[in-house]
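K.L.:
Sequence first, predicted coordinates after that:
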Amino acid sequence: MRALKIKISPSPSGLWRSVRCLHFVLLVAFASSLADAASDGVPVPPIKPSVSKRQPAVSKAPPVTQESAQGPGEPVPSLGNDHVQSLEVPHRPYNSVPPTSGPHLPQVARWGIYGQTIPNELQVHNLEDGGVLIQYDCKNCDALIQKLEQLAQSYYKKAEEEKKKSAFSRYQHLIVAPYPGIGVPIALTAWTRIEKMSEFDEARIRRFVEAYIGIDNHPKAK
C-alpha cells in the first residue's frame, strides 16, 4: 500500500482537522486490511475420523456385476444428501454395504490411507465431495493391503504433481481403509456406485477410480 503523506497545519484548528483526517485514513486502511484477509480465506481442515463401534442397519447390497452399461460398477439408487449432526442421530438405513449415498455428517474424513474403519455417516460425505473409497475385508492379507495402498499412493503422487500447476487435483479424493462385513475382499464405492471384487485387479480398480473420482455430487441448485 502506498505511503500516505499528510501535511499538518501549525494552527490549532488546522492541527485538529489534520488529526481527524489521519484518524479517518487509518480506520479506512484497517478496514481494508480486514476485507483483504477475509477475501483470502483460511481453509479449515476436515476432522480425522475415529473408530466407530456402531454400524447403522443396512439393507441387502445390490448384486455384484463386472460393469454396467453406464460405467464401472453397479448403480445403486440415491438416498439423497441429508445431513445428520452426529453418529447417534437415527436415520434411514443405507441400501448398500459399504454405503454409496444417504444421510451423512457435516464433516469429511481426510483423504488418505487408514488402518481403522471410517464410520458410514462420515465416508458418505466424502463420496458426495467426489471421493472414491477402496475398502477391504480380509484376514492375513498384508500383501493385498500393500497393493491397495501402493495403488492409492500412485494417485496421491499424481495429485501432488498436478497441484504444482493448479491449486486443485481430483486425484487426491481417494481413501483406502478396512471395512469388516462387506462379504468380499475388496469393495470400491463412489456416489451411487459400488463394485465388489474377490481378488486384486489393478486395471479394474483404476477404471473405477478414473470414472468417478473428483465428481461433485452435491444437489444442483434449482
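P.N.:
In hand now; what should we look at?

K.L.:
How are the helices of this protein distributed by residue range?
P.N.:
12-40, 120-128, 142-163, 202-212 (DSSP state H).

K.L.:
what angle do the third one and helix 202-212 make?
P.N.:
With axes from the mean of the first three to the mean of the last three Cα atoms, to 10 degrees applied, the angle from helix 142-163 to helix 202-212 works out at 40 degrees.

K.L.:
For helix 142-163, buried residues please.
P.N.:
For helix 142-163, the neighbour count (16 or more other Cβ atoms under 10 Å) marks 145, 148, 151, 152, 155, 156, 159 as buried. Every residue, glycine included, has its C-beta placed from N, CA and C.

K.L.:
ok, for the fifth one, nearest residue in space, not its chain neighbours?
P.N.:
By that I understand residue 155. Closest residue to residue 155 apart from its sequence neighbours, by Cβ to Cβ, 6 or more residues apart in numbering: residue 171 at 4.5 Å.

K.L.:
Check the fourth one too.
P.N.:
Beyond its immediate neighbours in the sequence, the residue positioned closest to residue 152 (Cβ to Cβ, 6+ apart) is residue 176, lying 4.7 Å away.

K.L.:
Relative to residue 210, how far out is that neighbour?
P.N.:
16 Å (Cβ to Cβ, to the nearest Å).

K.L.:
So if I had to pick from those two, which one is more boxed in?
P.N.:
Using other Cβ atoms under 10 Å as the criterion, residue 176 and residue 210 rank with residue 176 on top: 22 against 14.

K.L.:
So for that one, what's the pLDDT?
P.N.:
Looking at residue 176, its pLDDT reads 98.

K.L.:
wouldn't it be in contact with residue 117 here?
P.N.:
No - using Cβ atoms under 8 Å, residue 176 is not in contact with residue 117; the gap is 11.9 Å.

K.L.:
thinking again about what came up before, pairing partners for the residue nearest to residue 152 in the sheet, please.
P.N.:
The partner list for residue 176 in beta bridges (DSSP bridges) reads residue 113, residue 134.

K.L.:
and it, how far is that from residue 82?
P.N.:
Taking Cβ to Cβ, one finds residue 176 at 27 Å from residue 82.

K.L.:
got it, and residue 98?
P.N.:
18 Å.

K.L.:
What of residue 75?
P.N.:
From residue 75 to residue 82 the distance is 20 Å (Cβ to Cβ).

K.L.:
which residues of this structure score low on pLDDT?
P.N.:
For the chain, the stretches with pLDDT under 70 are 1-69, 222.

K.L.:
Let me see the domain layout of the chain.
P.N.:
1-42, 67-212 (automatic domain parsing).

K.L.:
Out of the ones you listed, flag the one nearest residue 218.
P.N.:
Taking Cβ to Cβ, domain 67-212 is the member of those nearest to residue 218, at 6.2 Å.

K.L.:
on that earlier part again, dump the domains of the chain into a markdown table; add distance to residue 221 as well.
P.N.:
Output for the domains of the chain, formatted as a markdown table (distance: least, Cβ to Cβ, whole Å):
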| stretch | distance to residue 221 |
| --- | --- |
| domain 1-42 | 21 |
| domain 67-212 | 13 |
